[in-house]
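*Asks:* The following comprises the amino acid sequence and a computationally predicted model.
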Amino acid sequence: MTDTSRLDLSRRTLSRRTMVRGSVLAAAMASVPAAANAGPATSPAGVALVRNRLTLPSGIATGDVTADSAVLWSRSSGTGRMTAVLRAVDDGGDILRGRGAFERILRGPRATQASDFTAKIHACNLPSNTRFALEISFEDDGGAAGESVHGTFRTAPDTGTYNGEGRTGGTSNGGEVPPSSAQSFVWTGDTAGQGWGINEEIGGMRGYRAMHQTRPDFFIHAGDTVYADGPIAETVVEKDGQVWRNLVTEEVSKVAETLTEFRGRHRYNQLDANMRAMFADVPVIAQWDDHETTNNWYPGEILEDPRYTVRDVNTLAARGRQAWQENMPIADSSALWRPGTFDDAGQYQPARIYRKISRGPQLDIFSLDMRTFKSPNTDGKEAYTTNILGQEQVDWLIREVSKSKATWKVIAADMPLGVIVPDGPVNQESVSNRDPGAPLGRELEIAGVLSAFRRNGVKNVVWLTADVHYCAAHHYSPERAAFTDFDPFWEFVAGPIAAGSFGPNKMDGTFGPEVVFSKAGRFPGESPRDGENQFFGHVQLDSDTFAVSLRNANGTTVFSKVLTPER
């Protein structure tokens, strides 16, 4: 059976330029063969035709992996058709034989300039709780196969059985479904921010290596996947006088405004060997926040930043969103490729990227979009509801969380609830408004969500987030709150993973947060050099526990908490 991608490739074309200097690119791509131009090379009459082999300069990735599906992603060095091979393997990597055998060859779309040579395949009808060896390559228009890059991933647990063709109902462990539903995952945010890029003298983005070494089943990137508004210089003098040396490309030399520059931000991060290695082995659930476009943006904003010649944020956001979606393995059919549509009035309407990813009987992930529908940044003290999610997303979140049968409902938010995040001396960037009293403005929208969860009897909700560049554990309870119509819950904050450190921020008391733990860098903007001020979260999920640990980029645990489910 052959699956094909459901991408609707744009007809828009844009010249592809290689901006990385030869010596820099060679150093960055030590573990990946150098990119080659696609297609047959022209040659004089009588000279044998020589084809340059297509390569995968940005590695491979998988995303939004459920019990029976996965999105497979890669970028080609030129025009070619994506091909993927999936084989079921044991934990040692050996191919399964007999009843456990599974092999499928998938032919995907052609990668062209229109998608910056990226392509995706949505692989469906996979057996649950199964580890796969993955091989991705591109075939040029003459039929010649290119380089193959290998990876692996495991599908989520499932309560049904697998009969060789698809899943069946019931709770038996028959077929090829292992009995265990245990799984682990990591989350963080904020990659290559504040001018701290890929420094190979310290081993590149080491936080990705530390996450990879925990052998998680998946990874939630909670936003700021790139810093399109943060130029990266070749050298930066740190506060203590040390010189930080970045890999650099032309696209990261200024704020991103063109589609090429936004695409270049993603290509830059993909130069890091640690990131490529992790993404080849660990499925991603990707979110976006502000820095994929520009700092603290909201729809309709007109920039006053003199670095920009394009001041209309909607234009920048559309380009940033397209580049982000080209580079993220997203499963929702409405978000696979289409960067947006225009309504009858000609207004840009982004495709939906908030979504639910089911991870078996113990876990559902609800990935939010707290940027697309955001109201303008004000002091946040309006007596009426203003948007952080928008009504359609609020209705979806309440409905889907309330009907979830999973033990744990994880809400992946790209901004925290109770942390005060200023946007200038008066305005607020996130939910909180510095007023510890009754909900106002955006707080009213969140209050409605929390109240509905309580009204519908929802249990075991955990919020995971990043954004503020330090790690923390917050417990929210009506006993401490001005607003009391909700059940207590935990919020865990991680990040940055490869950016400047900040915080800790002050808290807003409206929802009664208690700061159980927080840890930040020594001073604002501190570099990631020693790994002590970079953070990620890790969750080990067993049948009866949800064990959270916050860890630094060296892999050291700085805080842990074990949650047990309410029945």
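*Replies:* Thanks, I have it.
*Asks:* Distance of residue 446 relative to residue 480?
*Replies:* Distance of residue 446 to residue 480, given as Cβ to Cβ, to the nearest Å: 16 Å. Every C-beta, even on glycine, is put in place using the N, C-alpha and C of the backbone.
*Asks:* Comparing the two, which residue is more hemmed in?
*Replies:* Set residue 446 next to residue 480 and count neighbours by other Cβ atoms under 10 Å: residue 446 wins out with 23 against 15.
*Asks:* Provide the contact partners of the helix or strand where that one lies at residue level.
*Replies:* Using DSSP states H and E, residue 446 falls within helix 442-455. Applying Cβ atoms under 8 Å, 6 or more residues apart in numbering, the contact partners of helix 442-455 are 375, 380, 384-389, 394, 397-398, 401-402, 417, 428, 430-433, 439, 461, 483, 485-487, 489, 508, 510-511.
*Asks:* can you give me how far the following helix or strand past it is from the chain middle?
*Replies:* The helix or strand immediately downstream of helix 442-455 is strand 461-465, counting by DSSP H and E. Taking Cα atoms, centre = their mean, to the nearest Å, the mean C-alpha location of strand 461-465 is offset from the chain mean by 15 Å.
*Asks:* Flag the shaky bits of this structure, pLDDT-wise.
*Replies:* 1-51, 159-180, 332-351 (pLDDT under 70).
*Asks:* what ranges do the helices span in it?
*Replies:* 22-28, 206-213, 259-269, 273-281, 313-327, 391-403, 442-455 (DSSP state H).
*Asks:* Can you add distance to residue 550 and give those back as TSV?
*Replies:* Below are those laid out as TSV (distance: least, Cβ to Cβ, whole Å):
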stretch	distance to residue 550
helix 22-28	30
helix 206-213	12
helix 259-269	23
helix 273-281	18
helix 313-327	26
helix 391-403	24
helix 442-455	23
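*Asks:* and of these, who's closest to residue 80?
*Replies:* The closest of these to residue 80 is helix 313-327. By Cβ to Cβ, the value is 15.8 Å.
*Asks:* can you pull the buried residues of that closest one?
*Replies:* Buried residues in helix 313-327, defined by neighbour count with 16 or more other Cβ atoms under 10 Å: 313-314, 316-327.
*Asks:* Show me the strands in the stretch 401-550 of the chain, by range?
*Replies:* Along the stretch 401-550 of the chain, counting by DSSP state E, counting those that start in this stretch, strands occupy 408-412, 422-423, 427-428, 461-465, 471-476, 489-493, 513-519, 535-541, 546-552.
*Asks:* now swap in the stretch 151-300 of the chain and tell me
*Replies:* Using DSSP E, counting those that start in this stretch, strands in the stretch 151-300 of the chain cover 161-162, 167-168, 183-188, 218-221, 235-237, 243-245, 284-286.
*Asks:* if we can go back for a sec, wait, which of the buried residues of helix 313-327 is closest to residue 89?
*Replies:* Nearest to residue 89 among the buried residues of helix 313-327 is residue 327, at 27.0 Å by Cβ to Cβ.
*Asks:* Need the strands of the stretch 401-550 of the chain in TSV (columns: distance to residue 233 and mean neighbour count).
*Replies:* What follows is those, written out as TSV (distance: least, Cβ to Cβ, whole Å; neighbours: other Cβ atoms under 10 Å):
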stretch	distance to residue 233	mean neighbour count
strand 408-412	32	23
strand 422-423	25	18
strand 427-428	29	19
strand 461-465	30	23
strand 471-476	27	23
strand 489-493	29	24
strand 513-519	28	17
strand 535-541	25	24
strand 546-552	26	21
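*Asks:* any chance of the ones you listed in CSV, plus distance to residue 92?
*Replies:* Output for the strands of the stretch 401-550 of the chain, formatted as CSV (distance: least, Cβ to Cβ, whole Å):
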stretch, distance to residue 92
strand 408-412, 29
strand 422-423, 51
strand 427-428, 51
strand 461-465, 31
strand 471-476, 34
strand 489-493, 33
strand 513-519, 37
strand 535-541, 21
strand 546-552, 26
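*Asks:* Identify whichever of these lies nearest to residue 501.
*Replies:* strand 535-541 (8.7 Å).
*Asks:* Against which helices or strands is that closest one packed?
*Replies:* Under the contact criterion of 3 or more Cβ pairs under 8 Å, 6 or more residues apart in numbering; DSSP states H and E, strand 535-541 touches strand 183-188, helix 206-213, strand 546-552.
*Asks:* neighbours around the closest residue to residue 357 other than its chain neighbours, how many?
*Replies:* Distances taken as Cβ to Cβ, 6 or more residues apart in numbering put residue 365 closest to residue 357, at 4.4 Å, once the chain neighbours are dropped. Look at residue 365: counted by other Cβ under 10 Å, it has 24 neighbours.
*Asks:* likewise the one 4 residues further on?
*Replies:* Burial measure for residue 369: 23 neighbouring residues, criterion other Cβ under 10 Å.
*Asks:* That one: what's it in contact with?
*Replies:* Counting by Cβ under 8 Å, 6+ apart, residue 369 has contacts 287, 288, 352, 353, 354, 389, 393, 414.
*Asks:* What is the nearest of those residues to residue 261?
*Replies:* residue 288 (16.6 Å).
*Asks:* Residue 139 is nearest to which of the strands of the stretch 151-300 of the chain?
*Replies:* strand 284-286 (25.1 Å).
*Asks:* can you count the residues close to the closest residue to residue 270 other than its chain neighbours?
*Replies:* Leaving aside its sequence neighbours, residue 270 sits nearest to residue 58 (Cβ to Cβ, 6+ apart; 3.9 Å). Using other Cβ under 10 Å, residue 58 has 27 neighbouring residues.
*Asks:* just the one 3 residues further on next, same as before
*Replies:* Using other Cβ under 10 Å, residue 61 is surrounded by 30 other residues.
*Asks:* That one pairs with what?
*Replies:* Taking DSSP bridges as the rule, residue 61 bridges to residue 73.
*Asks:* That one contacts residue 74, correct?
*Replies:* Yes: Residue 61 is within contact range of residue 74, at 7.3 Å (criterion: Cβ atoms under 8 Å).
*Asks:* Distance of residue 269 relative to residue 120?
*Replies:* 18 Å.
*Asks:* wait, residue 366
*Replies:* 22 Å.
*Asks:* Who has more neighbours out of the two?
*Replies:* Higher neighbour count among residue 366 and residue 120: residue 120, with 29 against 20, using other Cβ under 10 Å.
*Asks:* Relative to residue 86, how far out is the more buried one?
*Replies:* 15 Å.
*Asks:* and residue 524, how many neighbours does it have?
*Replies:* So residue 524, with other Cβ under 10 Å, has 12 neighbours.
*Asks:* before we move on, what about residue 252?
*Replies:* 29.
*Asks:* gap between the closest residue to residue 560 other than its chain neighbours and residue 211?
*Replies:* Once flanking residues are discounted, residue 560 sits nearest to residue 549: 4.3 Å by Cβ to Cβ, 6+ apart. For residue 549, the distance to residue 211 equals 12 Å [Cβ to Cβ].
*Asks:* Perfect, that will be all.
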